[in-house]
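Requesting a structural model of the entry that follows:
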Amino acid sequence: MKHGDIKNNRASIQVQLNNTKVCGKAMSAQQEIERILRVAHAGERGAISIYTAQIAISKHLWPSCVPALEEMLTHEKSHYLSFDAALKKRNARACYALPLWHLGGAVLGLITGLLGPKAIWACTAAVENTVYKHLQEQITFLERHDKDALLAVKAIEADEKSHLDHALNHGGRPVKTNKIIWTIVSSCTTVAIWLSRRL
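Down below sits the predicted model:
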């Protein structure tokens, strides 16, 4: 074999190795993107369940909370459909823990709804505070890897922040007994996110 042929073969092998490496990174990034969308999708399912339960209780006990809760529920339903479409666009499955998000959200919504307005807004603030921090991590990753998914995540950012601000301004700050609710709800949300990334 001529020297030029050897050189060309080596160059060809190096290109193939580089392509494999790039494909490996792309596959890894794609898997992470799908995980991000799955977790966000599942989180919205949980939020829908929380607000639905809180509204059901508040209509009878705390009617002044209902308008804000219904607006937030509308936002969460829109977010859920957005992430559902993003997953389907990529032929990606939903999170296996979706039923747990639904059940957990319903339980949190029911308990905090019965405890009163401050508990309702403490729950909202704790959830949204955890979710908002998680969103910032997602945005940082997606800015480098998937502009379409980035748009889906950024589209909900303002709504989630407004939910957090409303809750904090209406008695949801982590003071006195609210600290217990914050600790429990934040821990549950963090664990649910961790679990959903693996399911």
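
Roughly how far does residue 164 sit from residue 118?
Shown here: residue 164 relative to residue 118, a distance of 15 Å by C-beta to C-beta, to the nearest Å. All C-beta atoms are positioned from the backbone trio N, CA, C, and that covers glycine.

I meant residue 106, not that one.
Summarising the geometry, the distance separating residue 106 from residue 118, computed by C-beta to C-beta, is 20 Å.

How about residue 31?
Taken as C-beta to C-beta, the span from residue 31 to residue 118 is 41 Å.

Isn't residue 87 up against residue 34?
Yes. Assessed by C-beta atoms under 8 Å, residue 87 is found in contact with residue 34 at 7.4 Å.

The strand or helix carrying residue 102 packs against which elements?
The secondary structure element spanning residue 102 is helix 98-115 (assigned by DSSP states H and E). Based on contacts counted as 3 or more C-beta pairs under 8 Å, 6 or more residues apart in numbering; DSSP states H and E, the elements that helix 98-115 packs against are helix 3-61, helix 117-145, helix 178-198.

hmm, try it at 10 Å
If you count contacts as 3 or more C-beta pairs under 10 Å, 6 or more residues apart in numbering; DSSP states H and E, helix 98-115 packs onto helix 3-61, helix 66-89, helix 117-145, helix 178-198.

Distance from the chain centre to that helix, please.
With C-alpha atoms, centre = their mean, to the nearest Å as the basis, helix 98-115 stands 16 Å off its chain's centre.

quick one, which of the helices and strands packed on helix 98-115 is packed in tightest?
Mean neighbours per residue, mean count of other C-beta atoms under 10 Å, is largest over the helices and strands packed on helix 98-115 for helix 117-145, with a mean of 20.

Quick check: next helix or strand after that one?
With DSSP H and E setting the assignment, the helix or strand that follows helix 117-145 is helix 147-169.

Tell me how far the residue positioned nearest the centre of the chain lies from residue 192.
Among the residues of the chain, residue 40 comes closest to the average C-alpha position under C-alpha atoms, centre = their mean, at 2.8 Å. Applying C-beta to C-beta, the value for residue 40 to residue 192 is 12 Å.

so what sits against both of the two?
By C-beta atoms under 10 Å, 6 or more residues apart in numbering, residue 40 and residue 192 have these common neighbours: residue 95.

follow-up on the earlier one: residues bridging contact with residue 87 and residue 34, i.e. touching both?
A shared contact of residue 87 and residue 34, defined by C-beta under 10 Å, 6+ apart, is any residue touching both; here these are residue 93.

Could you give me the buried positions within stretch 151-163?
Across stretch 151-163, burial judged by 16 or more other C-beta atoms under 10 Å covers 152-153, 156, 159-160, 163.

just the CA coordinates of that stretch, formatted as CSV?
Coordinates of the C-alpha atoms in stretch 151-163 are reproduced here as CSV (Å, rounded to 0.1, in the frame of the first residue of the first chain):
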residue,chain,number,x,y,z
LEU,A,151,-38.6,27.8,24.1
ALA,A,152,-41.1,25.3,25.7
VAL,A,153,-39.3,25.7,29.1
LYS,A,154,-38.9,29.5,28.9
ALA,A,155,-42.5,29.9,27.9
ILE,A,156,-43.6,28.7,31.4
GLU,A,157,-40.9,30.6,33.3
ALA,A,158,-42.9,33.8,33.7
ASP,A,159,-46.0,32.0,34.9
GLU,A,160,-44.2,29.9,37.4
LYS,A,161,-42.5,33.1,38.8
SER,A,162,-45.8,34.9,39.0
HIS,A,163,-47.3,31.9,40.9
